[in-house]
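>>> Okay, sequence plus prediction incoming.
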Amino acid sequence: MQTEIIIAGFGGQGVLFAGQVLAYAAMDNDLHVTWIPSYGPEMRGGTANCTVIIGDEPIGAPIVKHPKAVIALNLPSLDKYEPLVAENGILLVNSSLIERKVERPDVHVVYVSANEIAERLGDKRLTNMVMVGAWLGASGVLDMKAVQTSLKAHLPAKHHKLLPANYLALEEGAQIARETLAQAA
């Protein structure tokens, strides 16, 4: 088993942290993993993306042309990565910031109003965890409990007060993805 995920958005949306969470969870569960960040020189508002590859065997190369999943947090990311998602792949779209619909009929699409969910949970910075949860619910590659355990293990202790909200964000995103894909089946 090997799966590739590209997470993309603006700087400041927690793109790189979302990828790190997945990478840590994979490592903590004895899977092979690569995490490659990419970002513009701007502190906030520039482009940011990361590629995460998770496998049960050594990973040959960290380069991905056609990822099995893309998490698009903003419109430029959707525009860039929609054509690249593998056929029958998963495209997770932050519908809070992206108004257009996915044009490809050969991918599984999950629209998540991640910003609104994060704000309802009390912190707009949870948007990335809502989307990570959606990927967990759509892919089944990693177990929710494993991701939550790794989040706790790798989040600095001073931020542990944020864990319950992060767990809720993960759960809500996963639930939306499961419901969306069940309806589409």
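Looks like it arrived, so ask away. Being a predicted model, the structure only gives us computed values, none of them experimental.
>>> where does this structure have low pLDDT?
40-46, 185 (pLDDT under 70).
>>> Nearest the middle, which residue of it would you pick?
With distances taken as CA atoms, centre = their mean, residue 132 lies nearest the centre of the chain, 3.7 Å away.
>>> next SSE after whichever strand or helix holds that one?
Following DSSP states H and E, one finds residue 132 within helix 127-139. Remark: after helix 127-139, the chain's next helix or strand is helix 144-154, criterion DSSP H and E.
>>> In contact with the residue lying closest to residue 58 once chain neighbours are set aside, which residues?
Once flanking residues are discounted, residue 58 sits nearest to residue 32: 5.5 Å by CB to CB, 6 or more residues apart in numbering. To be clear about C-beta, it is placed using only N, CA and C from the backbone, and glycine gets the same treatment. Going by CB atoms under 8 Å, 6 or more residues apart in numbering, residue 32 touches 26, 54-59.
>>> For the helix holding residue 132, list the C-alpha coordinates in PDB.
Listed next in PDB are the C-alpha coordinates belonging to helix 127-139 (Å, rounded to 0.1, in the frame of the first residue of the first chain):
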ATOM      1  CA  THR A 127      -9.600  24.600   9.400                       C
ATOM      2  CA  ASN A 128      -6.600  22.400   8.600                       C
ATOM      3  CA  MET A 129      -7.600  19.700  11.100                       C
ATOM      4  CA  VAL A 130     -11.100  19.700   9.700                       C
ATOM      5  CA  MET A 131      -9.700  18.900   6.300                       C
ATOM      6  CA  VAL A 132      -7.200  16.300   7.600                       C
ATOM      7  CA  GLY A 133     -10.200  14.700   9.300                       C
ATOM      8  CA  ALA A 134     -12.000  14.700   6.000                       C
ATOM      9  CA  TRP A 135      -9.100  12.900   4.400                       C
ATOM     10  CA  LEU A 136      -9.100  10.400   7.200                       C
ATOM     11  CA  GLY A 137     -12.800   9.700   6.700                       C
ATOM     12  CA  ALA A 138     -12.500   9.500   2.900                       C
ATOM     13  CA  SER A 139      -9.300   7.400   2.600                       C
END
